[in-house]
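*Asks:* just to be clear, the model below is a prediction. Sequence and coordinates:
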Amino acid sequence: MKNALAWLLWIWLSVVIVGAFKYAPLAKGFIGESSRILFFHVPMSWVSFVAFIAAGVWSLMFLFGGRKPKHDRAAAVAVQLGLVFGVLATVTGSLWARIMWGAYWNWDPRQTSIVVALLFYGAYLALRSSLEDADSRARLSAAYAVLGLAVAPFLFFIMPRIMFSLHPQSVINAQGKIEVESRMVQVLLAGSAGFTALFFWLHNLQCRIESLSERKSALRDRG
Amino acid sequence: MELGGNGWIVAVNLIIWTGLFLYLLRLGKRLRQSEASLEKEP
């Protein structure tokens, strides 16, 4: 990422942090200041979803775009980062659930679906590490991540909506309407955009690290 | 100056975010240097 863009992201997310605590009002029906954690929980969950979908798209590019290793690497790194953001979303959600529902874990459909998503993509990494042959590893894990293009939307958006849940309505509810105070929506959208940009920056850095590491070990093997 | 409860949380969040940001900037710079030195290898 160009330095100017990076500094823009620093300003952007700093404004989001300040906005989450000083600009956005407290949500109605929430205990104390607990609604402020949603300005981080919702973007984390969103970025996790974006990462899993991006992994599926890079896997499709791998399978149908000439089997380039860079696409396989990009998909694997996206899943790794998606898991990190997914765990952060789960932890922030559990902290909020402790305040609102009295327990960190309640097996609510939202909580259950994110755990299933984390297990599904955890299995992707297990699959990768179980295969020694690089070609088979790339091909099989790409097919698995493409399957995730159907699984992730179901777990993130469909399953929590078709079952009774204590979880608050989404920002855009089942009727397709936004019924959240406008300043809260502004911070949520700005946070989601900022954390998505952070994800792509982290993704770029990690892909370059892995590419460098592969090139260096190839040079060592030659020498 | 009185920061208040939320003020402290904002301050800590900003410090953590700035630390992570500076680390990532430095990592990017070191990666560019490593990539450049690898390009020079015969």
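*Replies:* Arrived safely. Residues are numbered from 1 along each chain as shown, chains lettered A, B, ... in the order given.

*Asks:* show me what from chain B comes close to chain A.
*Replies:* B:5-7, B:9-10, B:13-14, B:17-18, B:21, B:24-25, B:27-28, B:31, B:34-35, B:38, B:41 (CB under 8 Å from any CB of the partner chain). All C-beta atoms are positioned from the backbone trio N, CA, C, and that covers glycine.

*Asks:* could you list the low-pLDDT ranges of chain A?
*Replies:* Within chain A, the segments meeting pLDDT under 70 span A:1, A:164-166, A:169-179, A:223.

*Asks:* the chain: helices as residue ranges?
*Replies:* No chain in the question, so chain A it is. Ranges of helices in chain A, per DSSP state H, are A:3-18, A:38-64, A:69-101, A:109-130, A:134-153, A:159-162, A:182-222.

*Asks:* my question was about chain B
*Replies:* Using DSSP H, helices in chain B cover B:4-40.

*Asks:* mind showing which ranges of it have poor pLDDT?
*Replies:* Where chain B drops to pLDDT under 70, the residues are B:1-3, B:42.

*Asks:* how close does residue A:18 sit to residue A:39?
*Replies:* Between residue A:18 and residue A:39 the distance is 11 Å, computed by CB to CB, to the nearest Å.

*Asks:* quick one: which of those two has more around it?
*Replies:* Comparing residue A:18 with residue A:39 by other CB atoms under 10 Å in any protein chain shown, the one with more neighbours is residue A:39, at 21 against 15.

*Asks:* contact partners for the more buried one?
*Replies:* Contact partners of residue A:39, counting by CB atoms under 8 Å, 6 or more residues apart in numbering or on different chains, are A:16, A:19-20, A:24, A:184, A:187-188, A:191.

*Asks:* how many other residues sit next to residue B:33?
*Replies:* 10.

*Asks:* against residue A:212, how distant is it?
*Replies:* In terms of CB to CB, residue B:33 sits 11 Å off from residue A:212.

*Asks:* kindly check the end-to-end length of stretch A:150-167 for me.
*Replies:* Start-to-end span of stretch A:150-167 (CA to CA, to the nearest Å) is 23 Å.

*Asks:* what lies in contact with it?
*Replies:* With contacts defined as CB under 8 Å, 6+ apart, stretch A:150-167 is touched by A:45, A:49, A:52-53, A:56, A:101, A:106, A:108-110, A:113-114, A:116-117, A:120, A:174.

*Asks:* please redo it, this time with the cut-off set to 6 Å
*Replies:* Stretch A:150-167 is contacted by residues A:49, A:52, A:108-110, A:113, A:116-117, A:120, A:174 when judged by CB atoms under 6 Å, 6 or more residues apart in numbering or on different chains.

*Asks:* from the residues you listed, list the buried ones, please.
*Replies:* A:49, A:52, A:108-110, A:113, A:117, A:120 (16 or more other CB atoms under 10 Å in any protein chain shown).

*Asks:* many thanks, we can stop here.
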